[in-house]
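Chemist: build the 3D model from these lines:
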Amino acid sequence: MTYDFWTTAAIADELRRTIAPGRVQQVVQVDATSLALEIYAGRERRYLLLSADQQAPRVHLLADKPRRGVDTPSTLLQLLRKYVRGSALLSVSTPPPGNASCAWSFSTPSLARHGSSSS
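Modeler: Alright, predicted model coming up:
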């Protein structure tokens, strides 16, 4: 499957309807190239997989709770746990056509003192 602007727009639309706004409760590293966020939204826990695998990059919701798959946490995982866990996922948006990525907007109590941040 081609991961282009239209695919990204459809994914972002689904995520806006299901997890934004929501609260990030947990961040786990599934494998060397994938992370999962546990997000509480709409009175339900949802699990979002973010994978940077070269053969199969993807972003999608999981049906089951993901399990930790690595022994040593990566630096990215540690940063996400520090800055994203406990934050509110405010929105998921798509960039202009020609770019196949999503923009994620989070707000945390520490960021509220300095203004919100987009990631």
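Chemist: low-confidence stretches in the chain?
Modeler: Applying pLDDT under 70 to the chain flags the ranges 1-2, 109-119.
Chemist: show me the strands in it, by range?
Modeler: For the chain, the strands defined by DSSP state E occupy 22-31, 34-41, 44-51, 58-62, 88-93, 103-107, 117-118.
Chemist: what about the longest helix in the protein?
Modeler: helix 5-18 (DSSP state H).
Chemist: packing partners of it?
Modeler: Using 3 or more Cβ pairs under 8 Å, 6 or more residues apart in numbering; DSSP states H and E, the elements in contact with helix 5-18 are strand 58-62, strand 88-93. Using the backbone N, CA and C atoms, a C-beta is placed for each residue, glycine as well.
Chemist: just how off-centre is the first one within its chain?
Modeler: Per Cα atoms, centre = their mean, to the nearest Å, the displacement of strand 58-62 from the mean C-alpha position of its chain is 9 Å.
Chemist: kindly report the same for the last one.
Modeler: The chain centroid and the centroid of strand 88-93 are separated by 9 Å under Cα atoms, centre = their mean.
Chemist: tell me the most buried of the helices and strands packed on helix 5-18?
Modeler: For those, the largest average neighbour count (mean count of other Cβ atoms under 10 Å) is found in strand 88-93, namely a mean of 19.
Chemist: please name the strands paired to that one in the sheet, noting orientation.
Modeler: Strand pairing for strand 88-93, determined by DSSP bridges: strand 22-31 (antiparallel), strand 103-107 (antiparallel).
Chemist: want to try JSON lines for these, with mean neighbour count as columns?
Modeler: Shown next, in JSON lines, are the strands paired with strand 88-93 (neighbours: other Cβ atoms under 10 Å):
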{"stretch": "strand 22-31", "mean neighbour count": "18"}
{"stretch": "strand 103-107", "mean neighbour count": "17"}
